[in-house]
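S.K.: Predicted model follows, preceded by the sequence.
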Amino acid sequence: MPKTDLFQDSPQPPSPSSLPGASPAASPAPKGTTQDQPGGVRKGRFGQDSTKGIVAKIVLLGLVDALAVYVLMMLFLSQSWGALGVSSAVVLAINWIYLRKGGLPAKYLAPGVLFLLVFQVFVVLFSGYIAFTNYGDGHNSTKDDAIAAIQLTAQKRVPDSPAYKAAVLTKGNDFYLLFTDPDGKATIGSTGTPLKEVPNAGTDSAGKANSVDGYQTLTFQEIVANQQEILAITVPVSDNPADGTLRTADGSNAYEFKPALTYDAVADTFTDTDTGAVYRDNGKGAFADGNGETLTTGWKIDVGMENFARAFTDPSLRGPLLGVILWTFTFAVTSVALTFALGLFLAVTFNREDLRGKKVYRILMILPYAFPAFLSGLVWSGILNPQFGWLNQTLLGGATIGWLTDPLLAKVSVLVVNLWLGFPYMFLVCTGALQSLPTELDEAARMDGAGPWRVFRSIKLPLLLVSIAPLLISSFAFNFNNFNVIYMLTGGGPRFADTDRDIGATDILITLVYKVAFGQGTGRDYGLASALAIIIFIIVATVSAISFKQTKALEDVNS
């Protein structure tokens, strides 16, 4: 029998192209290549786009470019040159990415990177910039805009002003006032739109202008139905705010109003025509008189570290802020500890192999996790209501315990409700971690004489912490900014008595930032709120970095 080499190449069957009479064109194409299709379009896994794909790309890119052109036109008209330059560069980059051949990864990554830059990077950078400004109520524009706004708002009726006959017109969703002066000249205007003469206005028998082509004249019933909007109309006489405005109190007659504060552009001052008080630029984005009284409208300026200093030096904020910081740490740490302890206890309890119906029990345990947190907060606020809540009225027989009004009880209530909302998450995490542990370790420990508690304390818990520790850190960061349960349950209350700000015993830093930013108590102050948000970021980042370092050490010990 001939000797056979097992490693000898086996004979290959002849290819179809080598057979007698076979044509080279009949040979199959290699795997992964493309073949020409009718119409001259190549199709295949790595070939060019199909006709439908090319058409779809052109249509979608055309829609994007049409929207981009509109946005660029609006930016050009508003003279936002920085935004115009950035937007133009982005549009050109998008067209270059999707019109060139190749670069497939860039085509997939471009949308995600663009949205990341717009909704994450830009927001973070802008918030950081706002923290170093006085941006907020009365300080949200430029100085020129503030001067114009002061002149428009500080208006008083001119004594012995001639009466202008007025008619109310509408165009689209905007209201206009049509005036007839004592000389019979008709003019039209609206808030922000100065008076413009109307030579061909329609008139009634008394010579009052009452109609203009392209506008609809309101009837008396329609004027009554929209009287709030009509009474708010302030028509500038000209582009110069110092020339005054025309206003109506009844929709049929109007009178002249002039600014009660006159502006001197050379001296950069406002003078009160009644009292003679002079208001000058105080260097803090507002006009102030000699006594420090400021005009309501100011402008946005850079203030450096002033907002950070205010957080710890303002008497109305310093004391409450320190209390809020301490309670925020207490709330976050206690919430993580309680939810982890209860979740781990239930996970160990319902992980027994001989337990019947454990699937049903597990479903019941995660039910609180299925409800939105803000809805659960509202439900619990009703249950714990001191006067009408189910807990006091039904379970405690009509007691009047202030679960949400007493500072200490309110904090306990918040922790209990957050425990109810948070333990299902820890239950799921711990259940998965327990089921991933090898059973051999448990069996070996028991054979060595270790009891259940010793097995759990010395073997299971250390192994669990290796995998769960990062989740505990993320849970701490979540509870540090757990806005829903605080705001929906207590609204941050009960309120502190030693401050004029709306700050309470259960407020955490994120609810305090919300109240500062959106004007609960002292008006909106976006600059201070952004500074507090940066402080929150620094605290969470520091705690997370230290915790992850300890987690790494824990992994080294157990490895």
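M.R.: Sure thing, it's come through.
S.K.: per-residue pLDDT, the closest residue to residue 131 other than its chain neighbours?
M.R.: Nearest residue to residue 131 in three dimensions, chain neighbours excluded: residue 530, at 3.8 Å (CB to CB, 6 or more residues apart in numbering). All C-beta atoms are positioned from the backbone trio N, CA, C, and that covers glycine. pLDDT recorded at residue 530 is 95.
S.K.: so who does residue 530 touch?
M.R.: The neighbours of residue 530, taking CB atoms under 8 Å, 6 or more residues apart in numbering as the test, are 127-128, 130-131, 307, 517.
S.K.: For it, I want the exact helix or strand it lies within.
M.R.: Assigned by DSSP states H and E, residue 530 falls within helix 526-558.
S.K.: List the buried residues of that helix.
M.R.: In terms of neighbour count (16 or more other CB atoms under 10 Å), helix 526-558 has its buried residues at 526-536, 539-540, 543-544, 547, 551.
S.K.: And for stretch 430-450?
M.R.: 430-431, 433-434, 442, 445, 450.
S.K.: Now the two most distant members of those.
M.R.: Every pair in those was compared (CB to CB); the two farthest apart turn out to be 431 and 450, at 22.6 Å.
S.K.: Mind jotting down where the helices sit in the stretch 101-250 of the chain?
M.R.: Assigned by DSSP state H, counting those that start in this stretch, the stretch 101-250 of the chain shows helices spanning 104-116, 122-130, 143-153, 220-225, 227-231.
S.K.: Residue 429 versus residue 468, what's the distance?
M.R.: Here residue 468 is placed at a distance of 6 Å from residue 429 (CB to CB, to the nearest Å).
S.K.: any idea of the pLDDT on residue 304?
M.R.: So residue 304 comes in at 95 (pLDDT).
S.K.: Would you check that it makes contact with residue 132?
M.R.: Yes. Applying CB atoms under 8 Å, one finds residue 304 in contact with residue 132, separated by 6.0 Å.
S.K.: These two: which is more packed in?
M.R.: Neighbour count, other CB atoms under 10 Å: between residue 304 and residue 132, residue 132 has more, with 18 against 9.
S.K.: quick one, what contacts the more buried one?
M.R.: The contact partners of residue 132, taken as CB under 8 Å, 6+ apart, are 302-305, 307, 527.
S.K.: Could you look up the SS state of residue 256?
M.R.: Using DSSP: H, G, I helix; E, B strand; the rest coil, the structure places residue 256 in strand.
S.K.: What separation do you get for it and residue 159?
M.R.: Computed as CB to CB, the residue 256 to residue 159 distance reads 10 Å.
S.K.: More neighbours: which of these two?
M.R.: Remark: of residue 256 and residue 159, residue 256 carries more neighbours, 19 against 7, as counted by other CB under 10 Å.
S.K.: ok, that one to residue 113 distance?
M.R.: Using CB to CB, residue 256 is found at 57 Å from residue 113.
S.K.: now residue 354
M.R.: Distance from residue 354 to residue 113, by CB to CB: 53 Å.
S.K.: Tell me which of the two has more neighbours.
M.R.: residue 113 (12 against 5).
S.K.: From the buried residues of stretch 430-450, which shows the smallest pLDDT?
M.R.: Taking those together, the minimum pLDDT is found at residue 442 (77).
S.K.: Once you drop chain neighbours, what's closest to that residue?
M.R.: residue 455 is the one closest to residue 442 (CB to CB, 6+ apart), at 6.0 Å.
S.K.: isn't that neighbour right up against residue 443?
M.R.: No. Look at residue 455 against residue 443 with CB under 8 Å: they stay out of range, at 9.8 Å.
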